[in-house]
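Chemist: sequence unknown, structure follows:
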């Protein structure tokens, strides 16, 4: 069995920094890869000062005309006005970044002081490689704007429906006060609430999680990507289920693979009615350090997983080092290819894509300073 071949380049180097409007920008959060209608590659990242969230965040875009070997200087994509931060990326469907000859741009705005708990979502359309785009249209959730929803990946099912993974943050009836070590073992909200407060030597909950539970869900999506109507919600884990990835299995069922804080492993829920109802989420055997993982259905039907294969201990997070690609030929039951692609650093937010010529690639951020591009060649199934 052959090994995965890969090539890495750096669209944005925050260690060198980028001077813009009298500031030096160094932060790099995520790296969203897209493809323009003329075949150029686009790499977008959120940047700003040294931390996030921060009140100086903007989104930038870099361009490549030689398949990711070299990149242009950054261009401001979404700016910062009146203390409202901007971020965005190009929506993708089934791993592809361009459809109907257009790039669909997600525009997300939030006040920094709300620490990602208040969002305003918009969709804009570009036909010239995100050089210009139409007036951003507000995204609605079930007909009304709701700042506590978030959108993950979008997939077109075998029935032709557009569905998306997403989250909703729900305020708890009563805050959690116990330690993460004990809360990670709680099976219900009632059990978690009844636990004794955090003791000396234990790990306290992060702010926000103590008062809000993040639930994963499935959205029904309009063709213009401006309406996201919730279907079924998965929220049976007291410490939450976030950053889900929705994938259709070959039997027509749907699976949500979720980041589960302090769980040590990815969690999964299944739907057999198009996402209207879901099983309770349950832990998989895929180790996870509390970080985003992404899946990609390959053209030959296999499933590729892009993730940090660390963690594996309930009640603890783990290092985001290494970043690996796993491949399954049995619908994510087992993984017969497990290869470390990047080693060394804080490696986060892999976002895989399939380009129009069949190239498989992904972006990620390294040490919150570099937006990185990786082009890979996965050996064919034997």
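Modeler: The structure has been received and is ready for your questions. Given the structure is predicted, the values throughout are model-derived calculations rather than measurements. Numbers count the residues shown, from 1 in each chain.
Chemist: okay, buried residues for stretch 252-268 please.
Modeler: For stretch 252-268, burial by neighbour count (16 or more other Cβ atoms under 10 Å) applies to 254-268. For the C-beta atoms, the positions are set from N, CA and C on the backbone; glycine is no exception.
Chemist: again but with stretch 224-234, I slipped
Modeler: Quick answer for stretch 224-234 (16+ other Cβ under 10 Å): 225, 226, 227, 228, 230, 231, 232, 233, 234.
Chemist: how about residues contacting that stretch?
Modeler: With contact meaning Cβ atoms under 8 Å, 6 or more residues apart in numbering, stretch 224-234 is reached by 91, 104, 106, 123, 125, 137-143, 149, 151, 154, 163-164, 166, 168, 215-222, 241, 244, 256, 258, 269, 271, 274-278, 280-281.
Chemist: rerun that using 7 Å as the cut-off
Modeler: Stretch 224-234 is contacted from outside by 91, 104, 123, 137, 139-142, 151, 164, 166, 168, 215-221, 241, 256, 269, 271, 275-278, 281, using Cβ atoms under 7 Å, 6 or more residues apart in numbering.
Chemist: out of the buried residues of stretch 252-268, what pair is the most spread apart?
Modeler: Distance extremes for the buried residues of stretch 252-268: the farthest pair is 254 and 262 at 25.8 Å, using Cβ to Cβ.
Chemist: and the residue nearest to residue 298 when sequence neighbours are not counted, which helix or strand is it part of?
Modeler: For residue 298, ignoring the flanking residues on the chain, the nearest one in space by Cβ to Cβ, 6 or more residues apart in numbering is residue 304 at 5.7 Å. Taking DSSP states H and E as the criterion, residue 304 maps to strand 303-307.
Chemist: specify the angle between the helix or strand just after that strand and strand 303-307 in degrees.
Modeler: Downstream of strand 303-307, the next assigned helix or strand under DSSP H and E is strand 323-328. Put simply, strand 323-328 runs at 160 degrees to strand 303-307, going by axes from the mean of the first three to the mean of the last three Cα atoms, to 10 degrees.
Chemist: sheet partners, orientation included, of strand 323-328?
Modeler: The strands that strand 323-328 pairs with in its sheet are strand 303-307 (antiparallel), strand 337-342 (antiparallel) (by DSSP bridges).
Chemist: packing partners for the helix or strand just after the last one?
Modeler: Just to be clear, that refers to strand 337-342. Going down the chain from strand 337-342, the next helix or strand is strand 347-354, by DSSP H and E. Judged by 3 or more Cβ pairs under 7 Å, 6 or more residues apart in numbering; DSSP states H and E, the packing partners of strand 347-354 are strand 29-35, strand 294-297, strand 303-307, strand 360-366.
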